[in-house]
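**Q** A structural model of the following input is requested.
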Amino acid sequence: MAQPHQGAIKGENTGYDRQLKVKRRRMQRIAIALIAVLVLSWLYIIAVFSDIPFIKKWRDIYIETAMDTYSHKWLATFFIPGFVIDEVMDKKEAFIRSQKTLETSWYQYSELPYLIFKDANTYQNAGAEGATDPNTVFYKRFPVVDPASLEGYLAERPELLADGYDKLLINEAFAKDHSALPVTVHGDPILVLDSENGIVIIEVTGDGYVGKLALVTNPAQVRVGVSKYLGRVGQTVEQIARDNDAVLAINASGFADPEWHGNGGIVVGLLIKDGKILSQPVNNGYLNIGFSRDDRLYIGASIEEAGYRDAVEFMPALIINGKNVTDGFTGFGIQPRTAIGQAADGTVMLLTVDGRQLGYSLGCTVGDCAEILAKYGALQASNLDGGSSTIMVYRNKVINRPSSTTNAGRLVPDAFIVDYAKNVKK
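**A** Residues are numbered from 1 along each chain as shown. Prediction:
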């Protein structure tokens, strides 16, 4: 009987081995895919349904962040069951309801002085009355400034003191290297020190966010500016600042924004300018936020109680009568933020936190805003409209990095503006 050719046997074995290897690789791929599906399913179940505090916190923040936008709600609804989303949003609604009774009361601080400047070298304040030394007066006006760091900065730039401390102007708003800048007593870099106008602008940073905090020592300089076309179309904050000859401005009110195509002309909530009511309160969880005629910031007080000269309406309150009322609440997600506050000495705080920019700043929670403002002594503070509206303008230039499609920011109905000191009636 003839034997098979050795080469034919070898070829048949080689073909069989090749097929076997292909099947094995295919089975390995299937096994890897199944394992990946199981792992992803397990991770999904943990991420969506787990009550582990760390996971639950960041899941809730993710849901809140997505649901707090007009165009990106699908980032939550596509992946997460409705009942999980509803549970998170119900907590947010409960938090909003809990704030309805909050109201500023200044009576316990009635004896504390306000920094109301009489002229360039003296001002009315306990312990500073009659002070004549320019250096002494300067550091009493700006107690937030770390003297050693400022003197070191000025030693290398003596020309900045050519007109004295009362005319000192440091403008490093666009400085990329902050290592040489003066700092606050809390160690935050000072970007702007505008002595003549009583303004300090600080960079504030935290876990995943970068922001600007402006401190305005004379509250009489802060008021509301509105769009020239209010009711029809808004203006950029920069335009509102220019029209009102303001040295500093931030966005303020929310506005009607159907399908994220609003033109900023229709304000939502209370709007008072120079004592004139331009828009009535909506009372849907929003709180009145504004300055009385004695330049105190009131939050939650009625129009009659506060006697507002300038006011808007928004939510949530951050600090009321010295108490942080957010309690670390994250129910509004991580977003670009704008906020306003006031310290016991009258100093007004204007805060913007940039967001939605990977590698730079994602944004922050309302609880983060409260912590920033409390660190600098806020006794009253409230959140304002944020998101792509968040913007800060100083001397007619945008000095933060808005998340809007243009550096000019969105069209808005109004802004909190800061007058040049020379334009404020004594």
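**Q** average pLDDT for the one helix or strand residue 15 maps to?
**A** Per DSSP states H and E: residue 15 is located in helix 6-49. Across helix 6-49, the average pLDDT comes to 78.
**Q** which residues does residue 210 bridge with?
**A** residue 205 (DSSP bridges).
**Q** contacts only, for it.
**A** By Cβ atoms under 8 Å, 6 or more residues apart in numbering, residue 210 lies in contact with 203-204, 353-354, 360-361, 401. In short, each C-beta sits where N, CA and C put it, glycine included.
**Q** if you set the cut-off to 10 Å instead, what comes out?
**A** Shown in contact with residue 210 (Cβ atoms under 10 Å, 6 or more residues apart in numbering): 203-204, 352-355, 357, 360-364, 400-401.
**Q** relative to residue 288, how far out is it?
**A** 30 Å (Cβ to Cβ, to the nearest Å).
**Q** about what we covered before: and which of the contacts of residue 210 is nearest residue 374?
**A** Proximity of these to residue 374 (Cβ to Cβ) peaks at residue 204, which lies at 12.1 Å.
**Q** count of residues packed around residue 21?
**A** Neighbour count of residue 21, defined by other Cβ atoms under 10 Å: 10.
**Q** how about residue 148?
**A** Count around residue 148 with other Cβ under 10 Å applied: 10.
**Q** just read off the phi/psi values of it.
**A** Residue 148 adopts backbone torsions of phi -60, psi -40, taken as degrees, to the nearest 10.
**Q** just the pLDDT for it.
**A** Note on residue 148: pLDDT of 96.
**Q** touching, it and residue 154? I think so.
**A** No - using Cβ atoms under 10 Å, residue 148 is not in contact with residue 154; the gap is 11.0 Å.
**Q** burial measure for residue 82, as a count.
**A** Residues near residue 82, counting by other Cβ under 10 Å: 9.
**Q** phi and psi next, for the residue nearest the centre of the chain.
**A** By Cα atoms, centre = their mean, the chain has its centre lying nearest to residue 337, at 2.4 Å. When read as degrees, to the nearest 10, the backbone of residue 337 gives phi -130, psi 150.
**Q** what residues do residue 148 and residue 154 have in common as contacts?
**A** Counting by Cβ under 10 Å, 6+ apart, the residues touching both residue 148 and residue 154 are residue 182.
**Q** circling back: need the buried ones from the contacts of residue 210 selected in ChimeraX.
**A** Command for ChimeraX that selects the buried part of those, burial taken from 16 or more other Cβ atoms under 10 Å:
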select :203,204,352,353,354,355,361,362,363,364,400,401
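**Q** of the contacts of residue 210, closest to residue 271?
**A** Distance to residue 271 across those (Cβ to Cβ) is lowest for residue 352, with 20.2 Å.
**Q** helix, strand, or coil at that closest one?
**A** Three-state call for residue 352 (DSSP: H, G, I helix; E, B strand; the rest coil): strand.
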